[in-house]
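> this is a predicted model, with the sequence first.
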Amino acid sequence: MFRKTVTNPFFLFPFITCIVFWPFTFQLFSLKNDALTYYYPIRTLISDALNNGELPLWSPFINMGYPLHADMQSAAWNPLVWLFAFISNYSLAAFHYELMFYIAFAGIGFYYLCKDIGYCRTISIAMAIAYQFSGFMIDSVQFFNCISSACYFPFVFLFFRKMMRQYQLNDAVLFAVFFFLFFTGGYPSLFIISSYFLFAYFLFSFFSAPSKIVFLKTVMPSMIMAILFFLLLGSPAIISFYQQLPFIERGKSQLLSVVLENSMNPASSLSFLAPFSTTANDQWLHSSILMRNIYLGIIPLIFLIYSFFNKSFKKNKEILFFLCCALFMLGMAFGEFFFLRQLAYYTLPLMDSFRHPALSRLFSIFFLLLIAGNTLSNWKRSEEKNTAVLKKIIQTLIVVVFITGVFCLICSVGFFQSMNLNGTDFKLLFNKLNFSERFLMQMPFLISLLILSFYAIVKKKSIHLICLIIIADMFIASQLNMPVTVYGAKNFKVIEKLINRNPVKFPIPGQQTIEENSLNSYDENTITGSTLPFTKRIGRNDYFISPGNLSKQDTFYTSGIKNIVFKNTVVYAEVPNAGRIEIKSFSANKMQASAHFNEPGTMVYLQNNYPGWEAFIDGEKTNIQTANISFMSISVTSGEHDIVFRYRPLTVIASWIVSLVSLLLMLCYLILVFSKRQSGKRQQEIA
C-alpha cells in the first residue's frame, strides 16, 4: 500500500517538485525579473476584481487603464488563477505554489503520455522527471506562461494522439479542456507552434493509416467535437483577444529583427552536457541567459545517442516523426543563427507575430525525451540487453568531459592564481565566473554521473537504478542553475515587504494629480515588482509596460500634452468655475461620481477610451468622446449630477457565461465517466 501511494504520479511528481524547488517550498526566496514585474502584479489585479465580485475585465492601475481580459499573457481567463485568487487573495506564496503546480503537473502529463506510447512505469517516471526539470523549465521560470505551456502540452498531445486512434467522447472533451487551459494560461507563441504540431501529426496519422477513408470516419467526429468544445470554452478569450488586436502594436506583423530577438546561440548546445557552464557571460555564447539551456539529463542523452545505432529506431515511423519535429524545432530555436525561423516568418501564418525563437527548444526537449524513452524501453525489453555500444558512448562522453576539463583548466590558471579568498565578495566572484571556470565546477558532478550511469547500464542493467540516477542528475543540474535563472538574492520576507501590497482592493483615488502618482524612477521596488499595481494608484509607470499596451496610450505618452493633462486629477472638468467633482465609488470596471457644474462643460475621466465603456448621467446613457488622444470625456449640463462610467463588453460577458456552463457540463461528464470506470474496476477485482 505504501509503495503504491509513493509511486502514484499525483503524489510522486508534486513531492519531487517540492524537493527540487525547496527555496519556494519553504518560502526562503522568491522569483525575479518578469515574474515579479509583470506576471505577479497582473495576478493580484485579477484576484482583487474577483474578490470584489467582478469579472477581471479592466484594470485602472496599468498605464491609465487597460483591458486586462484582452491581454493574451494576463491569464485573466485561466481557471487555475481564479482558483488561487479565491483561496488566497493571491499572495506571493500562492504565486510560488502556482509555479510548483505547473512543474508537478508537467511531470504527470508527460508520465501518462509515455505510458500511452507503451513505456513501462519506471521508464515513464524517469522521462517525466527529466522533462519537468529539463533545461527549458529551469531557464524559463521567469516567463510564467511558458512554464504553463510546458505543463499542458503533454496532456494536449496525449489526448490528440488518442483521438487519432479511435473515437471516444471523453478524449475529445479532455483534449478541449487542456487545449483551453493551454490557450488561456500559456504563452501565445507556444500555442501557435503547438497548433502547427497537431496539424502535422494529423497529416502524419492520415498518411500512415492503412485505410484513409476508415481513418477519416474514425477521427473526424472526435476532431469536430473537440474543436466545438474548445471554441465554447475559449470563446471569451478568443473574442477578447480578437477585439484588442487593432488597438495594440503587437497585434500587427512585427519586423524580422524583432521576431529574431532572443535566439538560441548554437554554442549553447553545450548545455546538452554541461548546462551550468553555459550560464557564463562569455561573449561567444552571445544570447539571453534565459534562452540557452536544453539539458535532458545524462542518461536520456546517452540513450538518445544510442537511438541512432538501434535498428528498431528506423522501423518506428512515429519515432522518426518525433525526430523530425525535434530537429526542426531546434533549428527554429537557433533563430538568427539559422535559416528556419526566417523561412517560417515569410511562409507560415502568424509566425511573423511573435519573438523569442529560443522558446522553440521546449518542443525539441519534449520530442527528444520521447525518443530516448523509446530506445530505453526497447533496450529494457531486449533479452540480451546489449551494452557494447552504450559502453562506448559513455566512455566517449567521459573522454570528452576530461579533454574539455583540461582545456578549461589551462584557460583558468590565471583566475586561480589571482583568486584571494580573504575578504572576497563571493557573489561578485560567482557572477564573474566564465565558461571554463563554470565547467570545472560542474565537471566532478558530470564524471560522477557518467560513472554511475556506466555502473547502472553496463554492469547492473537496472532500470530502477537508472531512474534514481536521473532523479539525482536533474536535482543537481537544477540546483546549479537556479541561483542564476530562477530566484533572486533577496529573501522572501524582504521582497514581500518591498512589494507592500495595499490591502484595500480599490481605494477611492484622492486629490493627487496623475503627475504625482506616476512612478518613473528606477527605485528598489523595480527589482521586485511594478509599484503602481501594488500601491493601487492610477498613473503611468515606464518600468511596467504590458505586452500589448494600447497604441493610443503610447501616442499620448510621447505627445506634448502629457505633462499638462497629468497635472489633473483622475476625474476633472475642462471648464472654468466648474464647481466640484467627487468620486463616490471606484472598482475594477466601474466609477461613480457626483458633480456640480456651474455651467455646461466637459468632464474627463483619465482612463483609456476602449470599446465596451458606457457612461450614464443621472441614469441616462450618454455618448463617450475621446479626449486628449486617449481618454474618455462626456458633455455635462449645469447643475447637480450623478455620473457613472461602467466597463461592460456584453459579447465578452455573454461568452463567459457560455464558457462557464460548458466547462461545468464537461467536468460533470468526465466525473461520471471516471466514476463508472472505477466502479467497473472494483467489480472486476471482486469477481
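Looks like it came in fine. What you see is a predicted model, and the numbers here were worked out from it, not measured in a lab.

> does F454 really touch T396, like I thought?
No: under the criterion of C-beta atoms under 8 Å, F454 is not in contact with T396, lying 11.6 Å apart. All C-beta spots, glycine's among them, are computed from the backbone N, C-alpha and C.

> of the two, which one has the most company?
F454 (20 against 12; other C-beta atoms under 10 Å).

> quick check, K461 in contact with T387.
Yes: under the criterion of C-beta under 8 Å, K461 makes contact with T387 at 7.0 Å.

> for the stretch 201-350 of the chain, what spans make up the helices?
Per DSSP state H, counting those that start in this stretch, the stretch 201-350 of the chain carries helices over the ranges 212-244, 256-259, 298-307, 311-315, 317-333, 340-347.

> so which bits of the longest one are buried?
By neighbour count, with 16 or more other C-beta atoms under 10 Å as the criterion, the buried positions of helix 212-244 are 215, 218-219, 222-223, 225-226, 229-241, 243-244.

> got it, and the shortest one?
Of the residues in helix 256-259, V259 count as buried by neighbour count, 16+ other C-beta under 10 Å.

> excluding chain neighbours, what is closest to V565?
In space, not counting the residues next to it along the chain, V565 is nearest to N628; the distance is 4.9 Å by C-beta to C-beta, 6 or more residues apart in numbering.

> from F29, how far out is K490?
Per C-beta to C-beta, to the nearest Å, K490 is found 8 Å from F29.

> who's more crowded, those two?
Per other C-beta under 10 Å, whichever of K490 and F29 has more neighbours is F29, with 21 against 17.

> which ones are touching that one?
P23, Y487, G488, K490, N491, F492 (C-beta atoms under 8 Å, 6 or more residues apart in numbering).

> so of these, which ones are in strands?
When DSSP state E defines the strands, the subset of those inside them is Y487, G488, K490, N491.

> top of the residues you listed by neighbour count?
Neighbour max across the ones in strands among the contacts of F29 (other C-beta under 10 Å) = Y487, 23 neighbours.

> OK, contacts around it?
Per C-beta under 8 Å, 6+ apart, neighbours of Y487: P23, F24, F29, S30, L31, K32.

> narrow those to those that are buried.
Judged by 16+ other C-beta under 10 Å, buried ones among the contacts of Y487: P23, F24, F29, S30, L31, K32.

> isn't F84 up against H96?
No: using C-beta under 8 Å, F84 is not in contact with H96; the gap is 10.6 Å.

> one step back: ok, the residue nearest to V565 to T555 distance?
Separation of N628 from T555 (C-beta to C-beta) stands at 11 Å.

> out of those two, which sits in the busier spot?
N628 (19 against 11).

> residues making contact with stretch 491-506?
Taking C-beta under 8 Å, 6+ apart as the rule, stretch 491-506 contacts 27-30, 36, 44, 48, 51-52, 60, 92-93, 488, 490, 524-525, 527-529, 534-536, 586-588.

> chain center to that stretch: distance?
23 Å (C-alpha atoms, centre = their mean, to the nearest Å).

> output it in PDB with nothing but the alpha carbons.
These are the backbone C-alpha positions of stretch 491-506, laid out as PDB (Å, rounded to 0.1, in the frame of the first residue of the first chain):
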ATOM      1  CA  ASN A 491      14.800  36.500   0.600                       C
ATOM      2  CA  PHE A 492      11.000  36.100   0.600                       C
ATOM      3  CA  LYS A 493      10.200  38.300   3.500                       C
ATOM      4  CA  VAL A 494      12.300  41.200   2.200                       C
ATOM      5  CA  ILE A 495      10.500  41.000  -1.200                       C
ATOM      6  CA  GLU A 496       7.100  40.900   0.500                       C
ATOM      7  CA  LYS A 497       8.000  44.000   2.400                       C
ATOM      8  CA  LEU A 498       9.200  45.800  -0.700                       C
ATOM      9  CA  ILE A 499       6.100  45.000  -2.600                       C
ATOM     10  CA  ASN A 500       4.000  46.100   0.400                       C
ATOM     11  CA  ARG A 501       0.700  45.300  -1.400                       C
ATOM     12  CA  ASN A 502      -2.100  47.600  -0.400                       C
ATOM     13  CA  PRO A 503      -4.800  45.500   1.500                       C
ATOM     14  CA  VAL A 504      -7.500  47.800   0.100                       C
ATOM     15  CA  LYS A 505      -8.800  46.300  -3.100                       C
ATOM     16  CA  PHE A 506      -9.900  49.500  -4.800                       C
END
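
> on that earlier part again, where's the dip in pLDDT among the contacts of Y487?
Of all those, K32 has the smallest pLDDT value, namely 86.

> chain neighbours aside, what residue packs nearest to it?
Closest residue to K32 apart from its sequence neighbours, by C-beta to C-beta, 6+ apart: G488 at 3.6 Å.

> C-terminal to the worst-scoring helix or strand of the chain on mean pLDDT, what's the next element?
The helix or strand of the chain with the poorest confidence is helix 525-528; it has a mean of 54 (mean pLDDT, DSSP states H and E). Going down the chain from helix 525-528, the next helix or strand is helix 531-535, by DSSP states H and E.

> now do the helix or strand that that following helix is followed by, average pLDDT.
Heading C-terminal from helix 531-535, the first helix or strand you meet, by DSSP H and E, is helix 551-557. Average pLDDT, helix 551-557: 92.

> same check, this time on stretch 334-343
Average pLDDT, stretch 334-343: 95.

> next: stretch 282-296.
Here the average pLDDT along stretch 282-296 is 90.

> flag every buried residue along that stretch.
Within stretch 282-296, the residues that count as buried by 16+ other C-beta under 10 Å are L285, S287, S288, I289, L290, M291, R292, N293, I294, Y295, L296.

> now render the helices of the stretch 201-350 of the chain as JSON lines, adding distance to A578.
JSON lines is the format used below for those (distance: least, C-beta to C-beta, whole Å):
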{"stretch": "helix 212-244", "distance to A578": "34"}
{"stretch": "helix 256-259", "distance to A578": "45"}
{"stretch": "helix 298-307", "distance to A578": "70"}
{"stretch": "helix 311-315", "distance to A578": "79"}
{"stretch": "helix 317-333", "distance to A578": "58"}
{"stretch": "helix 340-347", "distance to A578": "53"}
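
> between those, which gets nearest to L672?
helix 212-244 (15.9 Å; C-beta to C-beta).

> distance from the chain centre to that closest one, please.
With C-alpha atoms, centre = their mean, you get 23 Å for helix 212-244.

> ok, now stretch 459-473?
When distances are taken as C-alpha atoms, centre = their mean, stretch 459-473 is centred 31 Å away from the chain's centroid.

> go on, stretch 95-115?
That offset, for stretch 95-115, works out to 13 Å (C-alpha atoms, centre = their mean).

> swap in stretch 339-357?
20 Å.

> hey, which helix is longest across this structure?
Ordering each helix of the chain by length in residues (DSSP state H) puts helix 650-686 first.

> packing partners of that helix?
Packing partners of helix 650-686 (3 or more C-beta pairs under 8 Å, 6 or more residues apart in numbering; DSSP states H and E): helix 169-185, helix 212-244.

> buried ones in it?
V652, S655, W656, S659, S662, L663, M666.

> and stretch 332-342, by the same measure?
Under 16+ other C-beta under 10 Å, the buried positions of stretch 332-342 are M332, A333, F334, G335, E336, F337, F338, L340, R341, Q342.

> end-to-end on it?
Distance across stretch 332-342, first residue to last, is 9 Å (C-alpha to C-alpha, to the nearest Å).

> so, low pLDDT: which residues of this structure?
Where the chain drops to pLDDT under 70, the residues are 1-2, 383-384, 413-429, 519-530, 543-545, 576-577, 680-687.

> and the strands in it?
Counting by DSSP E, one finds strands in the chain at the ranges 29-31, 487-491, 571-573, 579-586, 590-597, 601-608, 613-617, 620-622, 625-627, 631-636, 639-647.
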